[in-house]
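Student: Predicted model and sequence follow; I will ask about them next.
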Amino acid sequence: MKVPRLLTLVLSLSLFGTAGAVASSLWGDYEGFAKARVLINDAEQSFSENEAPAFLIKGSTVFPVRVLSDSLQALVKWDDANKTVAIYKPNVHMFVAKKISNDYSIEQPFGKVKKGDSLEFAVVAQVDSLTTPITAFKLSIVSPSGEEVQVHEKPVVGQRESFWYTWPFDVAFEEAGSYKVKFAIQTDEGGAYSVVSEKTIASE
């Protein structure tokens, strides 16, 4: 569910926080307010033409809640009837291993492969503090070029605040660079997925 643009006014961060702000002479204006530059882990956050950018008002930086939730790998829900935004940050820990024992103990964990190798492995996800209902979750393997080389989706029925989930993958690491293992959650049926956890497998 897309959060309305008016929701950009909900989040206000101090200029001494994680958002960097500079004079409007450098970044221009937005509807009469000076624009601010936002850096997340030293990477500049871009905004499309139909999005409200970061801007300054009364000494504070204001920018869309969606930007914060994506950087925190959190979930956002908008209640239009009550004009309320809710942010949920579940704890999701993932383990990547070549072998899982019969009692589900993790054996032979790894984080690096040789470029060109094909490997069978399992992804184990431990989820807790999931305090909002969800409709599905997704495990995916993303190549260094950004292609989803393998995807597994799992519908969810009812509230599940904590659970473990294991799924096997068989991936050919044809590119050099960082492969991403992503765990994403869908909060509304047919809606977009939000990534809430990510691990890296280095292909060298």
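Tutor: Happy to help now that I have it. Predicted model only: the values in this text are computed from it and were never measured.
Student: Distance of Lys35 relative to Leu68?
Tutor: 17 Å (C-beta to C-beta, to the nearest Å). The C-beta positions use only the backbone N, C-alpha and C, and glycine is treated the same way.
Student: what bridges to the closest residue to Lys154 other than its chain neighbours?
Tutor: Closest residue in space to Lys154, ignoring its immediate chain neighbours: Phe137 at 5.6 Å, by C-beta to C-beta, 6 or more residues apart in numbering. Counting by DSSP bridges, Phe137 is bridged to Lys154, Ile185.
Student: Quick one: neighbours of Ser143, just the number.
Tutor: 19 (other C-beta atoms under 10 Å).
Student: thinking it is in contact with Glu175, fair?
Tutor: Yes. Checked against C-beta atoms under 8 Å, the pair Ser143 and Glu175 is within contact range at 5.3 Å.
Student: ok, longest helix in the protein?
Tutor: helix 65-72 (DSSP state H).
Student: Quick check: mean pLDDT of it?
Tutor: The pLDDT scores in helix 65-72 average 81.
Student: Identify each buried residue in it, please.
Tutor: Buried residues in helix 65-72, defined by neighbour count with 16 or more other C-beta atoms under 10 Å: Val65, Arg66, Val67, Leu68, Ser69.
Student: cool, stretch 163-176 as well?
Tutor: Within stretch 163-176, judged by 16+ other C-beta under 10 Å, the buried ones are Tyr165, Phe169, Val171, Phe173.
Student: List the buried residues of stretch 134-144.
Tutor: For stretch 134-144, using 16+ other C-beta under 10 Å, the buried residues are Ile134, Ala136, Phe137, Lys138, Leu139, Ser140, Ile141, Val142, Ser143.
Student: any chance of those in CSV, plus distance to Ser194?
Tutor: Formatted as CSV, these follow (distance: C-beta to C-beta, whole Å):
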residue, distance to Ser194
Ile134, 10
Ala136, 11
Phe137, 10
Lys138, 10
Leu139, 14
Ser140, 13
Ile141, 18
Val142, 15
Ser143, 21
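Student: Return the member of those nearest to Glu189.
Tutor: Of all those, Ala136 has the smallest distance to Glu189: 7.8 Å, by C-beta to C-beta.
Student: OK, contacts around the residue nearest to the closest one when sequence neighbours are not counted?
Tutor: Spatial nearest neighbour of Ala136, excluding adjacent residues (C-beta to C-beta, 6+ apart): Gln186 at 4.4 Å. Shown in contact with Gln186 (C-beta atoms under 8 Å, 6 or more residues apart in numbering): Ile134, Thr135, Ala136, Phe137, Lys138, Ala192, Tyr193, Ser194.
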